[in-house]
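I need the structure of the sequence given here:
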Amino acid sequence: MKIKNPGSAEIVRPLSPVLRVLNEFSTLKNLYRQGWLKRSVPEEKCESVADHTLGTALLSLLVAENYHPGTDLLKILRMALIHEAGEVYAGDITPVDGISAEEKHRRELESALRVFDALPQAGEYLALWEEFERTDTLEARIVRQADRLEMALQTLYYEKLGYWDFTEFFDNTEPLMKFPEFQKLFAEIKSLR
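I've put the predicted structure just below:
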């Protein structure tokens, strides 16, 4: 079986489940965030889904430790690190792609199932991914808002480089900041425009 990770060497032998999952997630290093590409950010400057995942994980950790002591940090980190599993095979679907929320979720669920299927704890990872999607726990709400706040910081960066007027991104993100600490951090980012 040949496995090709974009930007890396071809792997010929079958991989163990752990290495297979790592290899699949590695494709996110070369999956550029489509919202940026569609708004004139050149590919060589474009944030990848893997870049975004790292930012979301770090931000989730920092917010949880500084504003929500007692939350399950391991759960938050695990959720933040796998929250884009749905994009491994489905790609980065944006609101302007004309795909319904239901169809987007179906495609991403299928991708997450495929990514985790060989692992003994596949059900656990899938449950964490679904929890993030539903956003019905404190940990999921922290990661979801960190996901959006990371985007706002990246938006500021691209706006400062003159790629686009990203007012729509800020306008759409602001109401999603539900916790006071996220509102304050978002306001700080927005004040730098």
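
look up phi and psi at the residue nearest to Asn66 when sequence neighbours are not counted.
Excluding its sequence neighbours, the residue lying closest to Asn66 (CB to CB, 6 or more residues apart in numbering) is Glu181, at 7.7 Å. No exception for glycine: its C-beta is placed from N, CA and C like everyone else's. For Glu181, the backbone dihedrals (degrees, to the nearest 10) come out as phi -70, psi -40.

so Glu181 touches Val63, yeah?
Yes - Glu181 is in contact with Val63 according to CB atoms under 8 Å; the separation is 6.2 Å.

mind checking which of the two has more residues around it?
For Glu181 versus Val63, neighbours defined as other CB atoms under 10 Å are more numerous around Val63 (21 against 15).

count residues in the vicinity of Asp97, would you?
The tally of other residues near Asp97 (other CB under 10 Å) stands at 13.

can you pull the pLDDT of it?
Predicted confidence (pLDDT) at Asp97: the value is 96.

tell me where this structure has helices.
Counting by DSSP state H, the chain forms helices over residues 17-26, 34-37, 49-67, 73-82, 87-90, 101-116, 122-134, 138-160, 167-173, 180-191, given from the N-terminal end onward.

and of those, who's closest to Glu43?
Set against Glu43 and scored by CB to CB, the helices of the chain come closest in helix 34-37, at 6.7 Å.

can you list contacts of the closest one?
Under the criterion CB atoms under 8 Å, 6 or more residues apart in numbering, residues Glu43, Cys46, Glu47, Gly91, Asp92, Ile93, Thr94, Asp97, Gln154, Tyr158, Tyr163, Phe169 lie in contact with helix 34-37.

what's the burial count for the closest residue in space to Phe25 that isn't next to it in sequence?
Spatial nearest neighbour of Phe25, chain neighbours left out: Val88 (6.6 Å); criterion: CB to CB, 6+ apart. Val88: 21 surrounding residues under other CB under 10 Å.

pretty sure Val88 is touching Ser26, no?
No - between Val88 and Ser26 there is no contact under CB under 8 Å: 9.4 Å.

just the pLDDT for Asn30.
So Asn30 comes in at 97 (pLDDT).

then Pro14?
82.

which among the contacts of helix 34-37 count as buried?
Burial by neighbour count, 16 or more other CB atoms under 10 Å: within the contacts of helix 34-37 this picks out Cys46, Glu47, Asp92, Ile93, Gln154, Tyr158, Tyr163, Phe169.
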